[in-house]
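K.L.:
Could you look at this predicted model? Sequence included:
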Amino acid sequence: MVRFRALPIESRLIFLDFPGIGGSPFSKEFPRYSDVVSLYSLVRTISLPRKRPFPPWLCRRPAGWWRVWLIGVFIFALWEPASLPLHGGERPLIRVGLDPAWPPFSMIDADGNWAGMDVDLLQIIADQGRVDIEIHPPVPWPEIYEKALRGEVDVLASTAYSPERERDFLFTRVYIDFPVAIITRRDRPFLISFEQLAGHRVAAPVSHVVTDFIRNRFPKIQLVETASTAEALESVSRGETDATAANLAHASHIIRERGLTNLKISGLSQHDFPLRLAVRRDRPDLQDLLDDALVRVPPDVKAAILARWVHVEYDSLVIWERVRPYLLSAILFTAAAMALVLLWNRRLAAEIGRRRLVEADLAGTRDNLRRINEEKSQILAMAAHDLRTPLTNILFQMEVLRMRPRIDKAELDAANERITEQSKRIHHMVNQLLTADALETGAQPFHLVEEDLREPVSKAILEHADHALKKDIRLEFFPPKEPMRARVDAYAFAQVLDNLISNGLKFTPKGGRVRVDLITSDEWAELRVRDSGPGFSKEDREHIFTKFRKLSARPTDGEGSTGLGLCITRSLVEAMHGQILMERPPEGGALMRVRFPAANSRKRNRTT
């Protein structure tokens, strides 16, 4: 049995040797000694009047005693009663139950003594002098919990609130709070929410509030009960279960102490783990007393307790002041791309989970799930590979700027242009992903209006002129003299032009040619884009419009490719009631033909 008691008052007396006064005792129970000493100095400067206003017995020699009398009056005026016992007599004794297997909050150290954050906090509360605290001998948590229900223990430390527990206990204010962590093996994919644990075997300690929470809110999770969090973590480490959920500080301490190096913090749920003191329902006076005691614990003392028991490692942060504008733009583009990848991944994972439950008995489910999983792997691989090159170039340019303290304007402009070019590549990749997602989910709006196609084609030619000039490629367009009108969505048609022209420039070698033509007939308004590149192989023709499919030909100047351009183009064309065809001319290269119903054709009337 461990008992915390405040030191008795008589053992904490100090003596102030004032001039003219013998050693006079003043208890440390009076916290404002500096006020008393200052007051004494002030009183000493007061001279007695000729006609003494006090009784003769009070003014007898030595004259200093009247000053002592005044000091005593002010001492009682300044005395803070917070350090007095709750009642006039003995301080109340609070019997506290702790969990011996709950590090770093409460545990038994190598010498067989209680240790942990809760033990330090209880000692601080006892030192306030209002209560005595007695810790129950170590027994397993379910047993100490039952003792509290029977009234053999007054208070349970580090207890999380739940509606079920509120029927049996009163709860103090929160005195420490940590998030709930999801722990898996390192070779398993990341699981960042309880919803993703549906269908998995999750180790859960009995009588823990997180276990009750999962059981009530997520019935599709298969719970495997264990005696403690340590056993749950070891179960995951051995591969007997898929994951476990626990208080972040508690789980991190066990993983570090037991050397469970094959485990990782897979994610932090949105649910916190606030800890309180649970008090017997028939002792509301203890609830008020402990709430007041917790408020009196200074924040710096709480911080010192956390620093002693919770170890956090911080990675070094490098800040490059000179290249902050360039670095900020790169971070924004990268964060947007990664956020999109995570959202895409979560959507696909949710789709896979739903189809496994709803379409398990259908013959086509297996092939559909395999396709979705392949798409997920492809987009992750594509994002990691295609974003790495421009980001590496940006970082290289910034490192060059940092290492050279003096740079002339020409070199700075050249570096800025290279960084801008790489940023545009990232922007183009992100736009391709956003467009593909919008088309697949039906979120892409289309507003078809009658438009002369010569103007948007001329504008697209100008936008790609610099790219063609850098590669020494002739980019040709001879607009027809007569207007060529068709009903299209202006934004979608601009994307079609951008994808087809950039695709032709990408695969055409230096010195080659890319030609754009507009041809009209009674039925169709046709756009043709022809290049002098290697063209398409037989295998390419079968999969050219497949999502994330990259062709056998490679870009001639190191350009990036997401494998989404032609897939997006076909979807946009078909949404505008058009057709897209691919041909290989006898003279070589590739010819892409996009046809829309002419403004006054019968086909347009049939398709709209």
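P.N.:
Good, I have the coordinates. Residues are numbered from 1 along each chain as shown.
K.L.:
and residue 148, which of the three is it?
P.N.:
In the three-state summary, residue 148 is assigned as helix, counting by DSSP: H, G, I helix; E, B strand; the rest coil.
K.L.:
okay, now it: neighbour count?
P.N.:
By the other C-beta atoms under 10 Å criterion, the neighbourhood of residue 148 contains 23 residues. Backbone N, C-alpha and C define where each C-beta goes, glycine included.
K.L.:
Same check on residue 351?
P.N.:
Residue 351 has 14 neighbouring residues, counting by other C-beta under 10 Å.
K.L.:
now swap in residue 308 and tell me
P.N.:
As a measure of burial, residue 308 has 12 neighbours, counting by other C-beta under 10 Å.
K.L.:
Which strand or helix spans it?
P.N.:
Counting by DSSP states H and E, the element that carries residue 308 is helix 299-309.
K.L.:
what element comes up after the longest strand anywhere in the chain heading to the C-terminus?
P.N.:
Using DSSP state E to assign secondary structure, the strand with the most residues in the chain is strand 263-280. From strand 263-280 onward toward the C-terminus, using DSSP H and E, the following helix or strand is helix 284-295.
K.L.:
pLDDT averaged over the next helix or strand after the helix holding residue 308 - what is it?
P.N.:
Where DSSP H and E defines the elements, the next helix or strand beyond helix 299-309 is helix 324-358. Taken as a whole, helix 324-358 has a mean pLDDT of 81.
K.L.:
which parts of stretch 92-107 are buried?
P.N.:
92, 94-107 (16 or more other C-beta atoms under 10 Å).
K.L.:
who touches residue 162 in this structure?
P.N.:
Contacts for residue 162 (C-beta atoms under 8 Å, 6 or more residues apart in numbering) come out as 209, 212, 213.
K.L.:
before we move on, what about residue 309?
P.N.:
With contacts taken as C-beta under 8 Å, 6+ apart, residue 309 has the following neighbours: 104, 105, 116, 117, 120, 249, 253.
K.L.:
Now with 6 Å, please.
P.N.:
Residue 309 makes contact with 104, 117, according to C-beta atoms under 6 Å, 6 or more residues apart in numbering.
K.L.:
before we move on, the earlier item: next, the angle from the helix holding residue 308 to helix 284-295.
P.N.:
What separates the directions of helix 299-309 and helix 284-295 is an angle of 90 degrees, with axes from the mean of the first three to the mean of the last three C-alpha atoms, to 10 degrees.
K.L.:
what comes up buried for helix 299-309?
P.N.:
Of the residues in helix 299-309, those buried by neighbour count under the rule 16+ other C-beta under 10 Å are 302, 305, 309.
K.L.:
re the thing from before, partner strands of the longest strand of the chain, with direction?
P.N.:
When sheet partners are counted by DSSP bridges, strand 263-280 sits next to strand 155-160 (antiparallel), strand 169-171 (antiparallel), strand 176-185 (antiparallel).
K.L.:
Give the burial count for the nearest residue to residue 171 once chain neighbours are set aside, as a bare number.
P.N.:
When the adjacent residues along the chain are set aside, residue 171 lies closest to residue 276, with 4.6 Å between them (C-beta to C-beta, 6 or more residues apart in numbering). Residue 276 is flanked by 24 other residues according to other C-beta under 10 Å.
K.L.:
Identify the bridge partners of residue 276.
P.N.:
residue 159.
K.L.:
Quick check: the gap between it and residue 266.
P.N.:
The gap separating residue 276 from residue 266 is 27 Å, by C-beta to C-beta, to the nearest Å.
K.L.:
Also residue 210?
P.N.:
Distance of residue 210 to residue 266, given as C-beta to C-beta: 15 Å.
K.L.:
Same check on residue 419?
P.N.:
The span separating residue 419 from residue 266 equals 36 Å under the rule C-beta to C-beta.
K.L.:
where exactly do the strands run in the stretch 101-250 of the chain?
P.N.:
Counting by DSSP state E, counting those that start in this stretch, the segments of the stretch 101-250 of the chain that form strands are 101-102, 106-108, 114-115, 132-135, 155-160, 169-171, 176-185, 201-205, 222-226, 243-247.
K.L.:
which one of the ones you listed lies closest to residue 408?
P.N.:
Distances from residue 408 to each of these were compared using C-beta to C-beta; the minimum, 51.3 Å, belongs to strand 176-185.
K.L.:
Could I have the CA atoms of the closest one written out in CSV?
P.N.:
Once non-C-alpha atoms are left out, strand 176-185 reads as follows in CSV (Å, rounded to 0.1, in the frame of the first residue of the first chain):
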residue,chain,number,x,y,z
ILE,A,176,-4.3,14.7,-20.2
ASP,A,177,-5.3,14.0,-23.8
PHE,A,178,-3.8,11.8,-26.6
PRO,A,179,-5.2,10.7,-30.0
VAL,A,180,-6.1,7.1,-30.7
ALA,A,181,-3.5,5.5,-33.0
ILE,A,182,-4.1,2.6,-35.4
ILE,A,183,-1.1,0.2,-35.3
THR,A,184,-0.2,-2.3,-38.0
ARG,A,185,2.8,-4.3,-39.2
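K.L.:
contacting residues around the residue nearest to residue 171?
P.N.:
Residues counted as contacts of residue 276 (C-beta under 6 Å, 6+ apart) are 159, 171, 172, 174.
K.L.:
which non-adjacent residue is nearest residue 512?
P.N.:
residue 532 (4.1 Å).
K.L.:
That should have said residue 525, apologies.
P.N.:
Leaving aside its sequence neighbours, residue 525 sits nearest to residue 486 (C-beta to C-beta, 6+ apart; 4.0 Å).
K.L.:
OK, contacts around that neighbour?
P.N.:
Contacts for residue 486 (C-beta under 6 Å, 6+ apart) come out as 453, 525, 596, 599.
K.L.:
Okay, and which of those map to strands?
P.N.:
Restricting those to those inside strands, with DSSP E as the criterion, leaves 525, 596.
K.L.:
Any quick PyMOL command for the buried ones out of the contacts of residue 486?
P.N.:
With 16+ other C-beta under 10 Å as the criterion, this PyMOL line picks the buried residues out of these:
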select buried, resi 453+525+596+599
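K.L.:
wait, which of the contacts of residue 486 is closest to residue 585?
P.N.:
Distance ranking of those against residue 585, using C-beta to C-beta, places residue 525 first at 21.1 Å.
K.L.:
how near is that closest one to residue 503?
P.N.:
Residue 525 sits 21 Å away from residue 503, taking C-beta to C-beta as the criterion.
K.L.:
what's the answer for residue 274, then?
P.N.:
Summarising the geometry, the distance separating residue 274 from residue 503, computed by C-beta to C-beta, is 56 Å.
K.L.:
For residue 517, which non-adjacent residue is closest in space?
P.N.:
Nearest-residue entry for residue 517: residue 528, 4.5 Å, with adjacent residues in sequence omitted and distances by C-beta to C-beta, 6+ apart.
K.L.:
Is the one you found bridged to anything, and to what?
P.N.:
residue 517, residue 593.
K.L.:
Report how many residues lie close to it.
P.N.:
Using other C-beta under 10 Å, residue 528 has 17 neighbouring residues.
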